[in-house]
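Enquirer: 3D model of this:
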Amino acid sequence: MVRYKEAIIELDETPPLLVVEVISKGTFGRDRRTKRAEYNIIGIPVYVIVNFLTEDGNGKDVEPGVSVLTSDFER
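Expert: Predicted coordinates:
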């Protein structure tokens, strides 16, 4: 089982058309806010967030589910 694996998107590479993240308590805020902004800046048009959690990293209740976010970036 892979417990932690980080993919690096280099700024000089063509960005992928889609990124899928599975959220964990430790990365909840970063995946929902920071990464969304970063992916928009580098031009990733679709960001899918898969959340199996019922609370965020701060103990606040959240709904599990899948979110499909699109950026304002046009290729």
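
Enquirer: so what's residue 51 up against?
Expert: Residues counted as contacts of residue 51 (CB atoms under 8 Å, 6 or more residues apart in numbering) are 22, 23, 62, 63, 64, 65, 66, 67. For glycine as for every other residue, the C-beta is placed from the backbone atoms N, C-alpha and C.

Enquirer: how about the strands in the protein?
Expert: With DSSP state E, the ranges of strands along the chain come out as 18-22, 46-51, 65-70.

Enquirer: Adjacent strands (with direction) for the second one?
Expert: For strand 46-51, the paired strands and their directions (DSSP bridges) read strand 18-22 (parallel), strand 65-70 (antiparallel).

Enquirer: Next, the buried residues of that strand.
Expert: The neighbour-count check on strand 46-51 (16 or more other CB atoms under 10 Å) flags 47, 49, 51 as buried.

Enquirer: in the sheet, who's paired with the second one?
Expert: The one in question is residue 49. Residues in beta-bridge contact with residue 49 (DSSP bridges): residue 21, residue 67.

Enquirer: Tell me how far it lies from residue 14.
Expert: 22 Å (CB to CB, to the nearest Å).

Enquirer: ditto for the last one
Expert: Relative to residue 14, residue 51 is positioned 28 Å away (CB to CB).

Enquirer: same check, this time on the first one
Expert: Distance, residue 47 to residue 14, by CB to CB: 16 Å.

Enquirer: Can you list the residue ranges for helices in the protein?
Expert: Taking DSSP state H as the criterion, the chain carries its helices at 28-29, 35-42.
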